[in-house]
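>>> A predicted structure for the sequence below; I have some questions about it.
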There are 2 protein chains.
Amino acid sequence: MRIVVLAGGIGGARFLRGLKQAAPDADITVVGNTGDDIHLFGLKVCPDLDTVMYTLGGGIDEEQGWGRADETFRLKEELAAYGVGPEWFGLGDRDFATHIVRTQMIGAGYPLSAVTEALCDRWKPGVRLLPMTDDRVETHVAVELEGERKAVHFQEYWVRLRASVPADAVVPVGAEQAKPAPGVLEAIAEADVILFPPSNPVVSVGTILAVPGIREAIADAGVPVVGLSPIVGDAPVRGMADKVLAAVGVESTAAAVAEYYGSGLLDGWLVDTVDAASVPRIEAAGIVCRAVPLMMTDAEATARMAREALALAGEVQAA
Amino acid sequence: MRIVVLAGGIGGARFLRGLKQAAPDADITVVGNTGDDIHLFGLKVCPDLDTVMYTLGGGIDEEQGWGRADETFRLKEELAAYGVGPEWFGLGDRDFATHIVRTQMIGAGYPLSAVTEALCDRWKPGVRLLPMTDDRVETHVAVELEGERKAVHFQEYWVRLRASVPADAVVPVGAEQAKPAPGVLEAIAEADVILFPPSNPVVSVGTILAVPGIREAIADAGVPVVGLSPIVGDAPVRGMADKVLAAVGVESTAAAVAEYYGSGLLDGWLVDTVDAASVPRIEAAGIVCRAVPLMMTDAEATARMAREALALAGEVQAA
């Protein structure tokens, strides 16, 4: 079975771990969000790709869900001693190596997809990890700061400001001109199932879908497209998805997110059992819906979620 | 008193610390060798400038004489895990910050001299540290390796090969086209004394002198130029200066090094007391010479050496 998963960071990575357990023989291609990539200290940092790579490769800091396990921050402290920031982005000593290798390879002319493949040679994530695009896409968030309207980099909004001010708009700058990375459209066309993990529907999955050709390829693939709600009981399971959902005029409910993706794209949708009451509304929108436990509390719970998603895909397929 | 010192790495840096103690009110300009600069992992590394900066700024690993105190090597281990080398060059986690800041500033268009000034804003070395040039100069060493004649980067010869094969030639590639960095010629012209510390006469001081204009400015400055022999008892005090002296056809003795610099450049020369017998030969070459203890065993011994150098300058001046 060939599965394509559109993944953001922590939620996507953890779901993928469950999916690998649920479908050990599946051929999984992950299309990773690169809209939250950022240049720091002259280095190219790809937080979502790295979170997937570290999580599946056994290098992740399990507790915080991003960054490397057994990490130290001496380099960052030294940069601060030079007065060089930003200090709000937590790059650890081990993690820096990934960004140095990536930046060196990109400087040598390799596209991000080739760099990601080279980095995965080490981590062996057990999936094929592709960036959504080799082109530069940078998600900006329009906010009002100190009485002034301005656009900030997504990471500045998310990490520095901790989404503490309302997002007026979320713009994946450059997406319109971007091309899907080599292999992305092919993987979608050859997929048996396409999954949207419980990642942020706006700044993770939404950014991937904003690359021209990807949304269309998914809609045209003719295979089940099944998603898992990142909203449980009207609140994001983790992160601050509600802040960016508001920016696109979507309420923070499992049903509203399903409708945001829409029945033109989505065939099946899993909501948490606490949101079972929303199933009729979602099915009325033309999306097959089931209510199952959606908290990734441990590996087994996560694998169960993945099995439910694949079961729903089978159900959609058979219908 | 305005003093200009041409400095290499460890020997030059340690001498400078003694000089600051010996002449606390002096205005010291250090012209640093950049011929052993190297690009590693896409980062610009300036070993000699950093050794001076760290030593005078209190950040040096005292025991090994280079790199940062209290250093760890986690980033380097990670690079090795990615299969990215070289592994033979020891960049520590703290040290990496210096190279990242430098590379970022150079990428933003700042010349090395401006970068060095910015880095020194943190370290406050108590001297004005200037690179010999803002242009790219890279010392290559011609060697025979596995039956083949080839040129290797100085660091590869020095650090990886540990000077274990004979050097057939030492070439500061790019030196002929290089211009002295801003401030270098002015500092020399305004100096009251010019000192050559016990640094490597070929790959440290010699490389600085290879930048067109510097040797001439020193010869024309009309002030005492005094050097300290890096060779004591026919062997280098530290390092492998004998290997590169052989490449330029100079025997490894205090007298031969003085003659290599020559009376056209050098007015005074200090040799170690064990080399007292060579004083007449050196003086016969037109260079005033004194034999004094030249082992930088501790801060006080080093300060005494600096005082002897300044005393010899005074003597030369008065003559």
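Structure received.
>>> element containing A:Val30, please.
Using DSSP states H and E, A:Val30 falls within strand A:27-32.
>>> Please name the strands paired to that strand in the sheet, noting orientation.
strand A:2-7 (parallel), strand A:128-131 (parallel) (DSSP bridges).
>>> List of residues touching it?
Strand A:27-32 is contacted from outside by A:1-7, A:12, A:16, A:19-20, A:46, A:48-49, A:52, A:116, A:125-132, A:183-184, A:187-188, A:191, A:208, A:214, using C-beta atoms under 8 Å, 6 or more residues apart in numbering or on different chains. C-beta coordinates here come from the backbone N, C-alpha and C atoms, glycine included.
>>> Show me which of these are buried.
Buried positions within the contacts of strand A:27-32, assessed by neighbour count (16 or more other C-beta atoms under 10 Å in any protein chain shown), are A:3-7, A:12, A:16, A:19-20, A:46, A:48-49, A:52, A:116, A:125, A:127-132, A:184, A:187-188, A:191, A:208, A:214.
>>> how about the residues of chain A near chain B?
A:41-43, A:72, A:74-76, A:78-79, A:81-84, A:93-94, A:96-98, A:100-101, A:103-104, A:107, A:118-119, A:121-122 (C-beta under 8 Å from any C-beta of the partner chain).
>>> Just the buried ones from those residues, in PyMOL syntax?
This is the PyMOL syntax for the buried subset of the residues of chain A next to chain B, where burial follows 16+ other C-beta under 10 Å:
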select buried, chain A and resi 41+42+43+74+75+76+78+79+82+84+93+94+96+97+98+100+101+103+104+118+119+122
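>>> Now intersect the residues of chain A next to chain B with the helices, please.
A:74-76, A:78-79, A:81, A:93-94, A:96-98, A:100-101, A:103-104, A:107, A:118-119, A:121-122 (DSSP state H).
>>> Tell me where chain A has strands.
A:2-7, A:27-32, A:38-40, A:43-45, A:128-131, A:138-145, A:148-153, A:169-173, A:193-196, A:225-228, A:231-232, A:235-236, A:268-271, A:288-291 (DSSP state E).
>>> Make CSV from those strands and add mean pLDDT to it.
Formatted as CSV, the strands of chain A follow (pLDDT from 0 to 100):
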stretch, mean pLDDT
strand A:2-7, 98
strand A:27-32, 98
strand A:38-40, 95
strand A:43-45, 97
strand A:128-131, 98
strand A:138-145, 94
strand A:148-153, 94
strand A:169-173, 94
strand A:193-196, 98
strand A:225-228, 98
strand A:231-232, 95
strand A:235-236, 84
strand A:268-271, 98
strand A:288-291, 98
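>>> among the ones you listed, which is nearest B:Ala309?
strand A:43-45 (43.7 Å; C-beta to C-beta).
>>> List the contacts of A:Phe15.
A:Phe15 sits next to A:5, A:7, A:195, A:197-199, A:228, A:296, A:302, A:305-306 when contact means C-beta under 8 Å, 6+ apart.
>>> Need the pLDDT of it.
pLDDT, A:Phe15: 98.
>>> The strands paired with strand A:27-32 into JSON lines, with extra columns for distance to B:Pro166?
Formatted as JSON lines, the strands paired with strand A:27-32 follow (distance: least, C-beta to C-beta, whole Å):
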{"stretch": "strand A:2-7", "distance to B:Pro166": "56"}
{"stretch": "strand A:128-131", "distance to B:Pro166": "49"}
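>>> ok now the lowest-mean-pLDDT helix or strand in chain A, how far from the chain's centre?
Ranked by mean pLDDT, DSSP states H and E, the helix or strand of chain A with the weakest confidence is strand A:235-236, at a mean of 84. Its chain's C-alpha centre and that of strand A:235-236 lie 16 Å apart, by C-alpha atoms, centre = their mean, to the nearest Å.
>>> Within the sheet, what are the partner strands of that strand, with directions?
Strand A:235-236 is paired, per DSSP bridges, with strand A:231-232 (antiparallel).
>>> Can you list the neighbours in contact with the partner strand?
So strand A:231-232 is contacted by A:237, A:241-242, A:252-254, A:256-257, A:271-272, A:274-275, A:294-295 (C-beta under 8 Å, 6+ apart).
>>> low-confidence ranges in the stretch 151-300 of chain A?
Applying pLDDT under 70 to the stretch 151-300 of chain A flags no residue at all.
>>> run the last query once more with 90
Residues of the stretch 151-300 of chain A meeting the criterion pLDDT under 90: A:162-163, A:234-243.
>>> Closest residue of it to chain B?
A:His153 (17.0 Å; C-beta to the nearest C-beta).
>>> how many other residues sit next to that residue?
By other C-beta atoms under 10 Å in any protein chain shown, 18 other residues sit near A:His153.
>>> Same question for A:Ala284.
Neighbours of A:Ala284 (other C-beta under 10 Å): 11.
>>> Check A:Val143 too.
Residues near A:Val143, counting by other C-beta under 10 Å: 22.
>>> picking that back up, got the strands of chain A as TSV, with distance to B:Gly67 columns?
Converted to TSV, the strands of chain A look like this (distance: least, C-beta to C-beta, whole Å):
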stretch	distance to B:Gly67
strand A:2-7	40
strand A:27-32	37
strand A:38-40	24
strand A:43-45	21
strand A:128-131	35
strand A:138-145	36
strand A:148-153	34
strand A:169-173	41
strand A:193-196	48
strand A:225-228	49
strand A:231-232	51
strand A:235-236	45
strand A:268-271	54
strand A:288-291	59
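>>> Look up how far A:Ser204 lies from A:Trp158.
Using C-beta to C-beta, to the nearest Å, A:Trp158 is found at 11 Å from A:Ser204.
>>> Settle it for me: which of those two has more neighbours?
Shown here are A:Trp158 and A:Ser204; by other C-beta under 10 Å, A:Ser204 has more neighbours (30 against 22).
>>> Can you list phi and psi of the residue nearest to the more buried one when sequence neighbours are not counted for me?
Taking C-beta to C-beta, 6 or more residues apart in numbering or on different chains, and ignoring the residues beside it in sequence, A:Ser204 has A:Gly8 as its nearest neighbour in space, at 2.5 Å. With angles defined as degrees, to the nearest 10, A:Gly8 sits at phi -90, psi -140.
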